[in-house]
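K.L.:
pasted the sequence and its predicted model underneath.
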Amino acid sequence: MNVIFDNTDLWGRALGNTLLLFAGGAAIALVLGILVGAMRVSPIPIARAFGTVYVNIIRNTPLTLVFFFFAFGYPQLFPSPGYVVLAIWALGIYTATYVAEVVRAGINTVPVGQAEAARAIGLPFGQVMTLVVLPQAFRSVVPPMMSVFIALLKNTTVAAGFSVADLGSIRSYLSERGENALVVILWVAAIFVALVLVLSALQRYLEKKWRIAR
């Protein structure tokens with residue numbers, strides 16, 4: 001425990017940045033992913049084409065290359081808001097492709113008659129999605145969606161290679177203070193396991209709540 005108590009300043013900053021990367025990336029991924037997922041099933045050809053191109057290009061690009069663009073390409077085009085903010089956008093934009101596919105799969109589980117009935121009473125596509133289809137789709141996509149967010153949590157360690165002081169980079173900082181690298185790595189692994197267990201508990205809660213709501 002001394003490796004933690006003797007370096008609470010570094011551990012606090014690293015854990016805080018990791019949670020910030022996760023929360024910010026998850027928020028961007030959820031909003032953008034829902035929009036792109038809806039576009040993937042939209043009756044408008046341009047919207048479907050945009051959603052398909054976005055998903056296929058970003059999802060098939062390694063996350064490291066997405067980080068390289070935001071770390072080195074973005075500052076050449078626009079003023080840089082800082083590496084932490086850029087890392088959040090990199091994680092959010094990348095993870096949004098997986099959220100979009102999960103949402104699209106959930107939409108496909110909703111009976112077609114539900115959307116047809118909504119259109120029959122005069123609802124436009126946007127209201128059909130937000131009022132009828134998506135609320136039902138979310139109930140079926142909780143497990144895969146949580147798997148995407150767990151992957152996002154672990155992907156935050158990639159930011160360590162781009163000057164972000166998170167749990168992925170704390171080993172190098174503590175090595176400079178003479179701490180045992182193996183012990184540090186084991187503690188980092190334990191923290192990630194604890195965070196994943198929290199997300200798993202949230203998943204079980206949502207599944208139970210929405211199962212009763214049906």
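P.N.:
Right, received. Where do you want to start?

K.L.:
now stretch 132-149: mean pLDDT?
P.N.:
Across stretch 132-149, pLDDT averages out at 84.

K.L.:
measure it end to end?
P.N.:
25 Å (C-alpha to C-alpha, to the nearest Å).

K.L.:
give me the contacts around that stretch.
P.N.:
With C-beta atoms under 8 Å, 6 or more residues apart in numbering as the test, stretch 132-149 has contacts from 22, 26, 29, 34, 38, 95, 98-99, 102-103, 105-107, 109-110, 114-115, 118, 123, 199-200, 202-203, 206-207, 210-211, 213-214. (C-beta placed from N, C-alpha, C; glycine too.)

K.L.:
now, of these, which are buried?
P.N.:
22, 26, 29, 34, 38, 95, 98-99, 102-103, 106-107, 110, 115, 118, 123, 203, 206 (16 or more other C-beta atoms under 10 Å).

K.L.:
can you tell me which of those are in helices?
P.N.:
Assigned to helices by DSSP state H, the following of those qualify: 22, 26, 29, 34, 38, 95, 98-99, 102-103, 106-107, 115, 118, 203, 206.

K.L.:
what's the weakest-modelled helix or strand in the chain?
P.N.:
When the helices and strands of the chain are scored by mean pLDDT, DSSP states H and E, helix 2-5 comes last with a mean of 73.

K.L.:
buried sites along it?
P.N.:
Within helix 2-5, the residues that qualify as buried by neighbour count (16+ other C-beta under 10 Å) are residue 4.

K.L.:
what's that helix in contact with?
P.N.:
With contact meaning C-beta under 8 Å, 6+ apart, helix 2-5 is reached by 11, 174, 179-180, 183-184, 187.
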